[in-house]
Each structure stands twice: as C-alpha cells, then as structure tokens.
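Chemist: Show me how the following folds:
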Amino acid sequence: MAHGDTRVRGLAARAGGWSARHRWAAVGIWVLFVVLAMGIGSAMGTVEVKDSDQLKGETHTAAQIIEDAGIEEPAAETVLVQAKHGSLKATDPEFRSAVTAIVRAVEGTGKVTDVSSPYDTHTISKDGRSALVQFDMRGDFDTAGERVEPVLKAVAGVQKEHSSLRIEEIGGASMRKTFDDAFGDDFQQAEYSAVPVALGILLIAFGALVAALLPVALALTAIMATTGLMAIVSHVQPMDDTASSVMLLVGLAVGVDYCLFYLRREREERAAGRDAGAALRIAAATSGRAVIVSGVTVCVAMAGMLFTGLAGFEAMGLASLMVVAVAMVGSVTVLPALLSLLGERVEKGRLPFLKRRRVTAVNEGSRFWSAVLKGVLAKPVVSVVVAAGALLAVTAPALGMKTQNLTLDQEFGDSLPIVQTYNRVNEAFPGGSEPATVVVKADDINSSAVKDALARFKERAVSSGASRGPVEIKLHDAQNVAFVYVPLVGGSDQDKAGASLDILRDEVRPATLGKVDGVEAPITGQVAGNQDFNDQLIGSVVPVFAFVVVFAFLLMLLSFRSLTVAITSIVLNLLSVGAAYGILVAVFQHGWGASLVGAEGVGAIITWLPLFLFVILFGLSMDYHVFVVSRIREARMRGRSTNEAIQHGVVTTAGVVTSAAVIMVAVFAIFGTLSMQSMKQMGVGLAAAVLIDATIIRGVLLPAVMALLGERNWYLPTWLGWLPDMTHDESPEALAGGAARDDEGERLPV
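Modeler: From the prediction side, this is the model:
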C-alpha cells in the first residue's frame, strides 16, 4: 500500500478509531457487558462436570451405571489400628479393647453409618499387627469433608487412651478436609498474590500509577466477565474449579500483555513527537492488529484441548479460549477509549522514589538489546548454532520423559501426617486404601448364574495373583447392581497395581462374569481411572498437536503472507516447548536442582501436564512472536533493509516483551512455590518456558534466523497468491496525518 493512501483498512484500527470517537459509549458498553455477563452467570449458576463425564472407557461406563441406578456412594472412612511394638497382636485384649472403643466412639458422633469391626470383616494384616475399622459418612459424598471433624476428634480421643497403639483415620472425607485445610489457603494466597505482583512490575515499567493500573484493570474485568460467561456456557459444557484457576492465570497473563503492547506503542509514538491523536491511531493499526492476530492464534491453541475427549481438559480449553477472546476484544475497543479520555493524565501518579521512566524513542530502543543484536546480526550463523544447540541440549532430557498420575506421597511428600497414614495402610494392606471396584449390572442380580459368577470372580481374583484379598461384595438388590471391592497387589506402586488391574480386566472377568449373558462389569477405582485417563490422553496427543500446529501455521501464513514466517514461527515455538519439557524432566524426574524448588523424590511428570503445557505455551509464546515479527515487518515495509528492520523491531519491542515476560514469570513462579508437586511442576514449566521464549528465542534465535534468511523471510509462492490479504499494514507517516479515514471515508479524530 502506498504511503499516500491514508485509508485505515485493519479491523483493529477501525475498532480503535470508533472507540476514540465514541469514548463514553465504548466504556459504557464494556461495563454493561461485564455487569450483564456476571449477573446472568450468577443467576443461571454453574453446572459442574459430573463423575460420569470425567473420563471415557470403563470408568465412564461404571459411573454411568451408578448414576442411572440412582446409587449415591457415601464417603468411606477407615481407621488404622496398628501395634507400635511387635509383641502386641490384634488378638490381644488391649488391641480388642481399642477396636471396641473406636467403634463406640465413631458411632457416638451420629455422623457415620455401617461401622464394621475388623473381627467381622477379617481386615487384619498377615502379621497380625494391624487392623482396619471401616465405616461410611452419612450424607452427600461431596460435602463429607465438612462433616468429618467430630469423627476425627473421636478417633483422636481413643488414641490418647491407647499409647501402645497407632490409631489413625484416613478416607475420602478426612483426606479432603486435610487437603482443604492445608492447601486451600495456599491456592487462594497464590491467586491473590498474582495481581499485586503484576501491578508492582507494571509500576516499575511505567513509573506511573494510572498507566500501571490500566492493564491490570482491563485484565480483571475480562476475568470477571469470563467468570459469568463460564457459568452460562456450563449449561452446555460443564465446568470445574481447575478450569476457573487456569482461566484466571491465562486471563491475567494475556490481558496484561495485550494492554501492555498497546499502551507502550502509544507512549512510544508520543515520545517520538506524535500528537495524541496520531499516536493512538498508530497504536491501533499496529499493536492493535498484533493483539488480534495473537489473540486469535492463542484461541486456536486453547481450542486444541477440546479434542482430548476429557471433560476437565475441555472445560479448561473453553474457559481459556473465552478469557483470551474477551481480553482481546477489550484491548482493541475499550482501551483506546480510555487512553483517549485520559490523554496526558495516563502519566498521573508518578512514583517519587522511581525515576520517571521516559519511553525510549522509536528509533533508539533498548540499549542492552541493541548491544546483543549487534553481535547476533554480525554473526548470525554462530548465533543460530549456539542458541539452537543450547535449546536442543536443554530439550534432550525430555526424550526420557516418564508420565504418571502422582501418588499421594509423591504429590505431598511427608508434609502431611495423613500421607504417612496412607503409606502405613498400603504397607499393611496392599491395595486396601485404593481397591478396584467392579460395578456389576444384571437383569437379576440375585439369579443363581450371577451369584455363581460373583463367587467365582471373588475366588479367582485372589488365585490369579491380582489380589491378596479380602474381596468384598456389596449388593444393591433394588437396582440389580453389585459392587465388588478388590484390593490390588501393588498398592501405591502404580505400575504393579496397573498390572494387577490388567489381570482382572483381561483374565479374571472374561472367565467369570463375562460368561453370563446380559451382565455388564466395568472396573473402576483410582488405579483404573488413572489408566483410562492415560489411555484417553495418549490417544488425543496426535490430533491435539496436529490441530494446534496446522491452524497456528495457517493463521501466521494469512496474517503475514509469508510461508517462511509461518514455518519459522512453528519451529521456534516447538523449540520453546521442548526446552520447557526438558527442564521439567531434569528437575522433577531426574532431580537435578530439585531441592531448589522443593521437588525431591518425585521421579515423574504428572500425566496431564505435557499436553496442557504444549497448548498453553504454544498459545502464549505467540504473543511475543506476533508482536516482534509485526514490528519487524512494519519496518521492512517502510523501506528499511532486512537487518535494519530486525534491529529496529527487536530493540523497540524489547521493553514491552521484557515487562510482559517478567510479569508472566513472576505469576507462574508463585504457583511453583505451592506444596502440591503437580502445581509446582506447572508453575516451574510455564515460568521457565516464558523466560526462554522472551530471551533466547525472541532476542537471539529469531533475529539470527531472520538475518540468515534475508529477503526470503517474506517469501510467498505464486501458487499461494490467491490467499486473502490480511496484513493491513499502515505506516506511521500515513496514520499520523490528520486526514486518516476508515473504509467508509469517515475521518478518525481522537
């Protein structure tokens, strides 16, 4: 487009122009949207993901049978009674007295039902030193943790009276209460800390309170609006708490980033001598367009989670997609209106203890990155070899990545007493704390054929070596359903327990229950759920990776009309993700430097993290890439040589990229300080990847590769000439003119 043509063709420029002309209307519409979204969402309520929808496979089938039958399983609790010294046995009077006291104490609370003595259920360990008192909590499973406190106190009272015995309670309700007490405040504190941390970094970056508050305010309103939208959408796609936490993280990251890109460009243009109107028009047409391209690319990446078939991932993907879309729209509409309204007042609230941070003129940029770029562009081959070699070396450990669902002791270490109880129960009763559950559905559960098959299953489960017993059967006659509880050999050892589960599914069941017509017998439980989750996740890796990579490639191709830029974008992002994987494996699996982040002894990466990180990082890294490449292309279209354009693009975006990266790293690092290893892995992985992306990738590898490619950076084959032109580049000279108009010929005043 010739510089003399002053039509503003881009969507972002037109949106910014409209908002500048209708400032109060734009702000009012945004406020109304946020209020309506929150109000309607609150009125409609949120539909939570059901257990029957969490997974596919046998776990899903079992949950569906239970749900259709209307059976509500209570929260099961267990009290471990264990002799501290080898001489005391379960048959001794003192031991029996303690068991009787426990049964009487828990029944006395009025909170439990179906209390069973180990002398009736034969839940006594082989060495005779341990026994289990079992019971169920009354009421709803999901709220049992709120009602278990009196029971825990009753058990603790019995412990005080029997010092020679170890008396400890564990179960669904007690574990939920323990974790909520220990880590509920931990999570809340992390989420609440994210906003002040982001604000503090922005204050340092801008040196003015109003300028720092704008990105945070817009990010928070985008999060508030998305919270309401999540409730509305949950009636079609159910949501969960994890989706809300991920939405908050992503929303804060991209919301602040997008506003930062826009605001920094506007300030740069004003520092370069533009008037307020021209600066805003240039920011709208350049940074605004980069925000749209980046936002759409991030949305596409997040949409990849919808292909997993896992309800939790689908909820996270949809929630993340929505918050990115809302933040993107807010950045190109209400932000220009606010900047137009504030004018010079955006500099209000300068901090007296900080030097006023003058925005570096467009042609100067960052001195540090100018020095780095000078060396990179002087020796691009060396830079590519060194930077790419370093990233590949960091990625190398990922080739031996081991993924698994972390056991309780891996997740929390020895930081909680209940973890030690869990280990003691599994040691004395392998698999007893996490038995496999066979959900048997028949036309007549009491028929002789079904009863005979159940008896044969019970016997063969032990004789096959899958279980050491005791195998328990619980009948629900009215629903023609039976639950068979099978403690698995292997206990908390996921690999061994998984092998025992395979024997049940592949050998024991077909030879017993499988021979009765009309009988369904899916096997569920924690080990089965982990296995089904892994199978579903592994099956979704290829389609998710393919979807994200292909659509990101197409978006970059359309946005920059360059095959080269599209290809290098994908390759560089894959390098960034690979390096993050390598760091995760090195720290959490091999233990290199693990003590620095409190991760000793984990030995594996939690199953869901690699796919989650790929989608999130691939999306977020596009923020920086689109912003930097857009600036380079803009400079090239204005007549600079390729090397000059690279120098200009990188150094003038270095400040905003650095600020945005520091915010992201700081926010993600907060989650790396949590006690749960899965959250620690997520926080460390995200923080490390963003840091690598904003420094080695954008500051060294990208400019070196582009310098080597030269004019081939902008190569588009003739056979792709039919692609629509979505570049919409405008030179600052054209946009700075007072006669700028939109496509309809209307002037764009500010």
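Chemist: C-alpha only now, for contacts and for neighbours.
Modeler: OK.
Chemist: Can you pull out the low-pLDDT segments for the stretch 651-750 of the chain?
Modeler: Applying pLDDT under 70 to the stretch 651-750 of the chain flags residues 725-750.
Chemist: which residues of it fall in strands?
Modeler: Ranges of strands in the stretch 651-750 of the chain, per DSSP state E, counting those that start in this stretch, are 741-742.
Chemist: same deal with the stretch 401-550 of the chain?
Modeler: For the stretch 401-550 of the chain, applying DSSP E, counting those that start in this stretch gives strands covering 403-404, 436-441, 472-476, 481-486, 523-524.
Chemist: next structured bit after the host helix or strand of Val571?
Modeler: Assigning secondary structure by DSSP states H and E places Val571 in helix 563-584. Later in the chain than helix 563-584, the nearest helix or strand by DSSP H and E is strand 605-606.
Chemist: and Phe668, what does it touch?
Modeler: Leu249, Gly683, Val684, Leu686, Ala687 (C-alpha atoms under 8 Å, 6 or more residues apart in numbering).
Chemist: For His625, see how far away the nearest residue to Tyr715 once chain neighbours are set aside is.
Modeler: In space, and not counting its chain neighbours, Tyr715 is closest to Ser562: 5.3 Å by C-alpha to C-alpha, 6 or more residues apart in numbering. Noted for Ser562: a distance of 14 Å to His625, by C-alpha to C-alpha, to the nearest Å.
Chemist: ranges for the helices of the stretch 401-550 of the chain?
Modeler: Secondary structure of the stretch 401-550 of the chain (DSSP state H, counting those that start in this stretch): helices at 408-412, 417-428, 448-463, 494-503, 509-511, 526-560.
Chemist: Just the CA coordinates for the second one, please, in CSV.
Modeler: Taking C-alpha atoms only, helix 417-428 is exported to CSV below (Å, rounded to 0.1, in the frame of the first residue of the first chain):
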residue,chain,number,x,y,z
PRO,A,417,0.6,-36.8,58.7
ILE,A,418,-2.2,-38.3,56.6
VAL,A,419,0.3,-39.2,53.9
GLN,A,420,2.2,-41.3,56.4
THR,A,421,-1.1,-43.0,57.3
TYR,A,422,-1.7,-43.7,53.7
ASN,A,423,1.7,-45.4,53.4
ARG,A,424,1.1,-47.5,56.5
VAL,A,425,-2.2,-48.7,55.3
ASN,A,426,-0.8,-49.7,51.9
GLU,A,427,2.1,-51.4,53.5
ALA,A,428,0.0,-53.5,55.9
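Chemist: helices or strands up against that helix?
Modeler: Contact partners of helix 417-428 among helices and strands, from 3 or more C-alpha pairs under 8 Å, 6 or more residues apart in numbering; DSSP states H and E: strand 165-171, helix 408-412.
Chemist: residues in contact with Ser467?
Modeler: Counted by C-alpha under 8 Å, 6+ apart, Ser467 has contacts Ala461, Val486, Pro487, Leu488, Val489, Ser500.
Chemist: again with Asp517
Modeler: Contacts of Asp517 (C-alpha under 8 Å, 6+ apart): none.
Chemist: which stretches of the chain have low pLDDT?
Modeler: 1-10, 51-54, 182-189, 191, 351-366, 414-415, 431-433, 491-493, 601, 725-750.
Chemist: okay, which residue of it is out on the far edge from center?
Modeler: Largest separation from the mean C-alpha position in the chain: Pro93, at 52.9 Å (C-alpha atoms, centre = their mean).
Chemist: Next, find the distance separating that one from Val99.
Modeler: Distance, Pro93 to Val99, by C-alpha to C-alpha: 10 Å.
Chemist: that older thread, save the helices and strands packed on helix 417-428 as a markdown table, and put in distance to Gly128 too.
Modeler: Converted to a markdown table, the helices and strands packed on helix 417-428 look like this (distance: least, C-alpha to C-alpha, whole Å):
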| stretch | distance to Gly128 |
| --- | --- |
| strand 165-171 | 13 |
| helix 408-412 | 25 |
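Chemist: need the ones you listed in TSV with mean neighbour count, can you?
Modeler: Converted to TSV, the helices and strands packed on helix 417-428 look like this (neighbours: other C-alpha atoms under 10 Å):
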stretch	mean neighbour count
strand 165-171	22
helix 408-412	19
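Chemist: Go ahead and produce CSV holding the CA coordinates of stretch 588-601.
Modeler: Provided in CSV are the C-alpha atoms of stretch 588-601 (Å, rounded to 0.1, in the frame of the first residue of the first chain):
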residue,chain,number,x,y,z
PHE,A,588,11.3,-33.3,38.7
GLN,A,589,12.2,-36.7,37.2
HIS,A,590,16.0,-36.8,37.4
GLY,A,591,16.2,-34.4,40.4
TRP,A,592,18.8,-32.1,39.0
GLY,A,593,18.5,-29.0,41.2
ALA,A,594,15.2,-30.3,42.6
SER,A,595,16.0,-29.2,46.1
LEU,A,596,15.9,-25.6,44.8
VAL,A,597,12.1,-25.9,44.2
GLY,A,598,11.3,-28.5,46.9
ALA,A,599,10.8,-31.4,44.5
GLU,A,600,12.9,-34.2,45.9
GLY,A,601,11.9,-37.7,45.1
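Chemist: Report the buried residues of it.
Modeler: Phe588, Gln589, His590, Gly591, Ala594, Val597, Gly598, Ala599, Glu600, Gly601 (16 or more other C-alpha atoms under 10 Å).
Chemist: what about that stretch, distance to the chain center?
Modeler: 21 Å (C-alpha atoms, centre = their mean, to the nearest Å).
Chemist: any idea which element the residue nearest the centre of the chain lies in?
Modeler: Nearest residue to the geometric centre of the chain (C-alpha atoms, centre = their mean): Val246, 4.8 Å. Secondary structure from DSSP H and E places Val246 in helix 241-271.
Chemist: the inter-axis angle of the next helix or strand after that helix versus helix 241-271?
Modeler: Per DSSP H and E, the first helix or strand lying C-terminal to helix 241-271 is helix 276-285. Relative orientation of helix 276-285 versus helix 241-271 (axes from the mean of the first three to the mean of the last three C-alpha atoms, to 10 degrees): 140 degrees.
Chemist: After helix 276-285, heading C-terminal, what element do we hit next?
Modeler: Per DSSP H and E, the first helix or strand lying C-terminal to helix 276-285 is helix 287-303.
Chemist: could you say what helices and strands that following helix packs with?
Modeler: Using 3+ C-alpha pairs under 8 Å, 6+ apart: helix 287-303 touches helix 11-21, helix 241-271, helix 311-342, helix 526-560, helix 609-637.
Chemist: would you turn these into TSV with distance to Val197?
Modeler: Formatted as TSV, the helices and strands packed on helix 287-303 follow (distance: least, C-alpha to C-alpha, whole Å):
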stretch	distance to Val197
helix 11-21	29
helix 241-271	11
helix 311-342	19
helix 526-560	31
helix 609-637	19
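Chemist: between these, which one is nearest to Val700?
Modeler: For the helices and strands packed on helix 287-303, proximity to Val700 was assessed by C-alpha to C-alpha; helix 609-637 is nearest, at 12.3 Å.
Chemist: elements contacting the closest one?
Modeler: Applying 3+ C-alpha pairs under 8 Å, 6+ apart, one finds that helix 609-637 contacts helix 241-271, helix 287-303, helix 563-584, helix 642-671, helix 677-692.
Chemist: next one: it to chain centre, how far?
Modeler: On the basis of C-alpha atoms, centre = their mean, helix 609-637 sits 18 Å off its chain's mean C-alpha point.
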